[in-house]
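# Have a look; sequence and predicted model below, questions after that.
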Amino acid sequence: MNLDVIDIKLSSALAEGEWASGYNVELWLGPDAAEFGNVTGGIAIKNANVALNIPVGNGIQAKVGIFDAIVGYESANSIENPNYSRSLAYSIEPTSHQGVLLSYKLLDNVSVNAGVANNYNAVLNASAAASSGFTYIASASITAPDSLGFLKGAVLTAGLVDGKLSSAPTGVLKEFNVSNVPDLTLIYVGATLPTGIDGVNLGVAWDRVNAGGDHLGDALAGYVSIKLSDKATLNTRVEYVASAVSTVDFENITTTLTLDYKLWANVVSRLEYRWQRDIAGFDATTSGARENSHQLLAQIAYKF
């Protein structure tokens with residue numbers, strides 16, 4: 001039994017007015033805080049930014065400071081994800097950045113983001129000069145209008161992160177043979193799709209990592225969410241991850257089944273089974289030979 005994290009948020013939404021401002025602070029306490037590079041005294045600063053409205057066109061929303069990454073199907077906060085455990089693709093993607101992010105709504109259903117950060121991954125106050133330049137981030141999202149029938153509300157997101165790691169690679173990036181902390185380019189495409197069947201929704205996500213023009217590897221995941229009753233939801237994730245680097249023998253298929261049951265008010269309660277098949281006999285966590293691994297997990301989280 002483990003305590004994962006205590007998540008504390010303080011925020012103020014943008015006030016009224018053309019030159020409105022606000023702020024967002026989010027701190028992590030506990031073992032999971034260590035997954036962020038920006039840890040000080042055992043406390044991770046997940047978000048610490050000033051929000052600003054710039055009255056240009058429809059209004060440009062700016063974040064200055066530390067903010068969440070703008071790519072990826074899954075969030076760092078597990079209770080916001082369909083499954084408790086995170087996908088292998090999650091460890092390929094950045095979790096947060098320190099820099100400036102601009103967001104703009106082109107149309108009611110089309111929005112774009114662009115920004116500059118110090119590094120590819122989250123490291124507090126890491127020098128951009130020491131990382132051989134800045135990291136550039138961009139994304140665009142399109143939401144299907146009501147005119148598309150049962151597809152209304154579907155969301156397609158594409159994003160790009162290009163920069164340099166500020167620390168040694170871990171997780172799947174390590175297995176992708178990312179050595180000498182090179183410049184990385186992450187391409188992300190993800191979508192959430194209604195099916196026209198009540199309570200059934202689909203999702204798909206694809207990540208590709210390149211370094212110096214060389215293709216390192218891919219991660220592809222599919223998600224199915226089925227609402228069984230007013231209280232119970234079954235979430236399934238199937239993912240395939242493989243390295244394209246010949247010196248690394250890594251190919252993996254993982255299936256995750258999560259039963260989410262709302263037994264108590266304001267409480268997330270889950271039971272999860274995860275089966276990981278390392279096709280090449282290579283384990284992404286321990287870097288050792290293991291063809292199959294099985295996990296049975298439970299989560300209880302209180303959300304204020």
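Yes, it's here. Model, not experiment: these values are computed from the prediction.

# Surely Thr135 and Leu165 touch.
No - in this structure, Thr135 is not within contact of Leu165 by C-beta atoms under 8 Å, at 9.5 Å. (Glycine included, C-beta is placed from N, CA and C.)

# Give me the common contacts of the two.
Here Thr135 and Leu165 have 119-120 as joint contacts, going by C-beta atoms under 8 Å, 6 or more residues apart in numbering.

# Going along the chain, name the helices of this protein.
171-175 (DSSP state H).

# report the longest strand in it, please.
Ranked by number of residues, the top strand in the chain under DSSP state E is strand 214-227.

# Make sure Ser91 is actually in contact with Val172.
Yes - contact criterion C-beta under 8 Å: Ser91 and Val172 qualify, at 4.8 Å.

# what about these two, which has more around it?
Shown here are Ser91 and Val172; by other C-beta atoms under 10 Å, Val172 has more neighbours (26 against 20).

# Contact partners for the more buried one?
Shown in contact with Val172 (C-beta under 8 Å, 6+ apart): 88-89, 91-92, 217, 219, 241, 250, 284.

# what do you get for Ser12?
Counted by C-beta under 8 Å, 6+ apart, Ser12 has contacts 22-24.

# one more time with 7 Å, if that's ok
The neighbourhood of Ser12, defined by C-beta atoms under 7 Å, 6 or more residues apart in numbering, consists of 22-23.

# Show me what it is bridged to.
On the basis of DSSP bridges, Ser12 is bridged to Tyr23.

# And the pLDDT at it?
pLDDT for Ser12: 91.

# next one: Thr233
If you check Thr233, the pLDDT there is 97.

# What sits closest to it if chain neighbours are left out?
Leaving out its chain neighbours, the residue that sits closest to Thr233 by C-beta to C-beta, 6 or more residues apart in numbering is Asp260, at 4.5 Å.
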